[in-house]
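S.K.: sharing a model that was predicted from the sequence below.
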2 protein chains.
Amino acid sequence: MARGDKKKLEIVRGPVPTMLDVANLAGVSTMTVSRALRDGSSIAPQTRDRIRKAVDQLGYVLDQSAGSLSSKRTGFIAALIPSINNSNFADTARGLTDALEGSGLQLLLGYTDYSVEKEEVLIESMLKRRPEAMVVTGGAHTLRGRKLLENAGIPIVETWDLPRKPIQHVVGFSNADASSALVKHLFEQGHRKIAFIGGTTNRDTRGADRRAGYEASIRKLGLKESRVISFGTPPITMKQGGEAIVRLLEQWPDVEAAICVSDLSAFGALMECHRRGWKVPKRIAIAGFGDFEIAATCFPAITTVGVNCADIGFKAGKLLLQAIEGERLDRPVPQETILIDYKVIPREST
Amino acid sequence: MARGDKKKLEIVRGPVPTMLDVANLAGVSTMTVSRALRDGSSIAPQTRDRIRKAVDQLGYVLDQSAGSLSSKRTGFIAALIPSINNSNFADTARGLTDALEGSGLQLLLGYTDYSVEKEEVLIESMLKRRPEAMVVTGGAHTLRGRKLLENAGIPIVETWDLPRKPIQHVVGFSNADASSALVKHLFEQGHRKIAFIGGTTNRDTRGADRRAGYEASIRKLGLKESRVISFGTPPITMKQGGEAIVRLLEQWPDVEAAICVSDLSAFGALMECHRRGWKVPKRIAIAGFGDFEIAATCFPAITTVGVNCADIGFKAGKLLLQAIEGERLDRPVPQETILIDYKVIPREST
DNA sequence: ATCGTATTTGTTAGCGATAACAAAATTCAA
DNA sequence: TTGAATTTTGTTATCGCTAACAAATACGAT
């Protein structure tokens, strides 16, 4: 009776059982337990059942940290994204998760807050977990961050951009080109006085690339003046988009169209126009970037550049799985660059 | 010269250096390196510098899996949220991350997809990593999932709901009460024929609670009829919100106000009304839930229930830090329930 | 029955770090 | 200058698991 009590207490808050406890209870060696708990290969069915029963009885859960130390496989994939609150990057993370599903690999997520310094810190702390591969956003890193990635000895994928000098693999697209395509579209629709609304700094490199693409195509199309409103720290919010469009129309009342650095700011701009009774696209055409759900749903629906964000993550994930497999077989896969499609999606706002 | 080449090669793709390599290079024992790399306490400054130099030279990065095996501290916090694509939960994750900042703890995120079965799988796979604490969303779990949590021997926090029978700690609010408050608000504004728009199943337990709160207060206020449109698998999208409101007005043309299960569906409904020329709130008032950025920005701005999602995460994180500290000192903190404020935010849409 | 092959299980060693204790070096006071 | 107190460093023994190899058992064919 007293013994029974003690036992119960132990289950609730006692020491966590180890594989040895399971092995003893099942009357086998730990090695057999280890095998049974993973592939179940080379295990007599009845032994496996006995082990399972012991596992259930003890409430045993495998300790992977111990396992990875021995097997040299942590089962971690590290991924760094600028922000979890941006649905584009959340979609990429989701795509990654989906790609990894069933592979037994765990995603370790980190948020850089659009800062390369924070990224460097994160790279190091991720590397301490010995991930089997790493996904980073963009091609801009600190010197040390880059070196850490290069020396990590694991597959690396840079996403969302096309870095001039990639570390290894790349899954992305040219934000500048995508932005240019949007300018061209507006130009073909007859707009000549086209403006760009974005954040105040270049911290968000993809935003900066989009602005650069805008500037480049303004020049190429022979349009005289570039009209850029910089407002708010990137990533700029919906509300800031609204304030920015007001400024834009104050500064250049003759402006005909505005490209916003993202759909969120475009939406904010659009709603502010509504509020003030400025007709869109009659008074001013508005375009965004990213094809967020909101752009398709709102009225008028927002013209945007569609990028398959989840696909970036998914393709990066699949590429990593291949690369990891390659490393294991000592047959490293060659450096690969996967281009992600984007396309201008004309809607009601332009 | 040849030696130099070899050395360089080794740095690029050679075996990853261990603490022993650092120790040898610095002429000390691994224990000294270990100490230098963590607190730096009880280390002669010159020794520490020597070690730092060796670390830099070798590009050494600490292996935490090995460390945690020995120290029995993994530095992981596991968190399960329904979806990363929902900004409410993303905010909670962000709050958690913020709370953990500087503590050296790593967030291990998992997505349950609003499914308790997936949650159970995730709980187990998280537990394999031996997290020092765990955050889950809601109080609904499978039997085995709950047992796993109870027996894990670590602090557990359930968030976003007020479970009837909590496992340990809780940081949340009553979704039913919050929903009731919104009904009451509409009632006070003079609305009598109030409808609810939500998903088709109860998979999203918070959504189900909101509906239950709606039903309860309809009865309490003595309103004759409850009008519920169930449309789409939760979480329902903006677009589905739009389709739902059309159905609502077909089925009950006399309806005066609609509460949507979230701001996203409310926004979709609102935009569909725009598109069809139905004036909001004149023809129909629309309210949402969650105070997403979109609700404040769009025109007309959406009446909603504001919940500080990031604060849920932040408070859960801080509570966990305390609890972990308590466990370490063998002085477990008592079970705690932290209530999160919510409030009805009246805006232009009602 | 006997040997060879295939299947199942066990043994030993070690993954890379840290805890706990022990020893050496340094500091300081009288 | 000497011994005690303090600071700094080292030694040894795990942590819980899995790789690699070895042994035992089962199965089949002749």
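M.R.: Here it is on my side, so go on.
S.K.: just say helix, strand or coil for residue A:102.
M.R.: With DSSP: H, G, I helix; E, B strand; the rest coil as the basis, residue A:102 sits in coil.
S.K.: now the residue of the stretch 251-350 of chain A at minimum distance from DNA strand C: closest residue in space, sequence neighbours ignored.
M.R.: Of all residues in the stretch 251-350 of chain A, the one sitting closest to DNA strand C is residue A:327 (15.5 Å; Cβ to the nearest atom of the strand). Using the backbone N, CA and C atoms, a C-beta is placed for each residue, glycine as well. Sequence neighbours aside, residue A:155 is the residue nearest to residue A:327 in space, at 6.7 Å (criterion: Cβ to Cβ, 6 or more residues apart in numbering or on different chains).
S.K.: same check, this time on residue A:146
M.R.: Using Cβ to Cβ, 6+ apart, the closest residue to residue A:146 is residue A:167 (6.7 Å).
S.K.: residues near the one you found, how many?
M.R.: Taking other Cβ atoms under 10 Å in any protein chain shown as the criterion, the count of residues near residue A:167 is 19.
S.K.: and what of residue A:96?
M.R.: 28.
S.K.: can you give me the helices for the stretch 1-150 of chain A?
M.R.: A:2-13, A:19-26, A:30-37, A:45-58, A:64-71, A:87-100, A:116-127, A:143-151 (DSSP state H, counting those that start in this stretch).
S.K.: among those helices, which is nearest residue A:180?
M.R.: Closest approach to residue A:180 among the helices of the stretch 1-150 of chain A (Cβ to Cβ): helix A:87-100, 19.4 Å.
S.K.: hang on, the earlier thing: make a markdown table out of the helices of the stretch 1-150 of chain A and add mean pLDDT and distance to residue A:336.
M.R.: Formatted as a markdown table, these follow (pLDDT from 0 to 100; distance: least, Cβ to Cβ, whole Å):
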| stretch | mean pLDDT | distance to residue A:336 |
| --- | --- | --- |
| helix A:2-13 | 35 | 50 |
| helix A:19-26 | 95 | 39 |
| helix A:30-37 | 95 | 35 |
| helix A:45-58 | 94 | 40 |
| helix A:64-71 | 95 | 27 |
| helix A:87-100 | 94 | 15 |
| helix A:116-127 | 97 | 21 |
| helix A:143-151 | 96 | 16 |
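S.K.: just say helix, strand or coil for residue A:229.
M.R.: Secondary structure for residue A:229, judged by three-state DSSP, is strand.
S.K.: specify the beta-bridge partners of it.
M.R.: residue A:197 (DSSP bridges).
S.K.: relative to DNA strand D, how far out is it?
M.R.: Remark: distance between residue A:229 and DNA strand D (Cβ to the nearest atom of the strand, to the nearest Å) = 57 Å.
S.K.: quick one: contacts for that residue?
M.R.: Contact analysis of residue A:229 by Cβ atoms under 8 Å, 6 or more residues apart in numbering or on different chains lists A:195-198, A:244-245, A:247-248, A:251.
S.K.: please apply the same query to residue A:139.
M.R.: A:158, A:161-167, A:170, A:205.
S.K.: next step: the residues you listed restricted to strands.
M.R.: A:158, A:170 (DSSP state E).
S.K.: and the contacts of residue A:139, which of them are in helices?
M.R.: Counted as lying in helices by DSSP state H, out of the contacts of residue A:139, are residue A:205.
S.K.: buried ones among the contacts of residue A:139?
M.R.: A:158, A:161-163, A:166-167, A:170, A:205 (16 or more other Cβ atoms under 10 Å in any protein chain shown).
S.K.: quick check, nearest of the residues you listed to DNA strand C?
M.R.: For those, the nearest to DNA strand C is residue A:167 (23.3 Å; Cβ to the nearest atom of the strand).
S.K.: so the residue nearest to residue A:146 is in contact with residue A:149, correct?
M.R.: Yes: Residue A:167 is in contact with residue A:149 according to Cβ atoms under 8 Å; the separation is 5.4 Å.
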